[in-house]
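Engineer: kindly generate the corresponding structure for this input.
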Amino acid sequence: MMISTRGRYALRVMIDLAANASDRFLPLKEIADRQGISLKYLEQIIALLQRADFLVSQRGSCGGYRLKRAPETYTARDILTAAEGSLAPIPCLDDTPCVRSEQCAALPFWKDYYRTVSDFVGSVTLRDLAEQAKTAGGQT
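Structural biologist: Coordinates of the predicted model:
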């Protein structure tokens with residue numbers, strides 16, 4: 001499973017918003033500069049996150065974005081799924097099962113793989129990621 005730049009950037013933006021959380025709204029340009037993401041591409045990422053109902057926005061001179069909920073209520077799986085869609089490594093694990101699924105010897109492996117990955121990314125909260133970024137001195 002390969003996570004696209006869309007998924008990676010969505011995670012970075014959400015970490016940035018969590019790590020720099022305050023009562024004020026963070027301007028998109030400020031996030032773009034801090035993350036080294038083009039403003040145009042960041043607008044697309046923000047649109048995905050807004051569709052997922054993760055953000056609150058405000059227009060005007062004090063406008064920008066902030067998280068709609070507390071960082072501990074978002075998981076990495078929530079964010080990646082909002083950006084990427086399904087995280088299933090093969091189509092058979094989505095809503096369209098393969099015609100060979102009944103006799104597929106590899107299917108149990110893929111199911112276990114997907115469950116392991118899904119459980120892991122579902123156990124990591126946005127708060128965890130923001131705290132790691134602050135502790136590591138990483139760019140938030």
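
Engineer: what residue lies at the spatial centre of the protein?
Structural biologist: Of all residues in the chain, the one closest to the mean position by C-alpha atoms, centre = their mean is residue 79, 2.6 Å from it.

Engineer: what kind of secondary structure is residue 105 in?
Structural biologist: Three-state assignment for residue 105 (DSSP: H, G, I helix; E, B strand; the rest coil): coil.

Engineer: distance of it relative to residue 24?
Structural biologist: 56 Å (C-beta to C-beta, to the nearest Å). For every residue, glycine as well, the C-beta is placed using N, CA and C.

Engineer: list the contacts of residue 74.
Structural biologist: 14, 18, 54, 67, 125-126 (C-beta atoms under 8 Å, 6 or more residues apart in numbering).

Engineer: more neighbours: which of residue 105 and residue 24?
Structural biologist: residue 24 (12 against 7; other C-beta atoms under 10 Å).

Engineer: please tell me I have it right and that one contacts residue 63.
Structural biologist: No. Look at residue 24 against residue 63 with C-beta atoms under 8 Å: they stay out of range, at 9.9 Å.

Engineer: distance of the residue lying farthest from the centre of the chain relative to residue 28?
Structural biologist: Ranked by distance from the centre of the chain (C-alpha atoms, centre = their mean), the top residue is residue 103, with 34.7 Å. Residue 103 sits 51 Å away from residue 28, going by C-beta to C-beta.

Engineer: cool, and residue 12?
Structural biologist: Using C-beta to C-beta, residue 12 is found at 14 Å from residue 28.

Engineer: of the two, give the one with the bigger neighbour count.
Structural biologist: Each of residue 12 and residue 28 had its neighbours counted (other C-beta under 10 Å), and the higher figure belongs to residue 12 (24 against 19).

Engineer: related to what we said a few turns ago, quick one: which two of the contacts of residue 74 are the most distant?
Structural biologist: Farthest-apart pair in the contacts of residue 74 is 54 and 125; separation 13.2 Å (C-beta to C-beta).

Engineer: low-confidence ranges, this protein, go.
Structural biologist: Low-confidence segments of the chain, defined by pLDDT under 70: 138-140.
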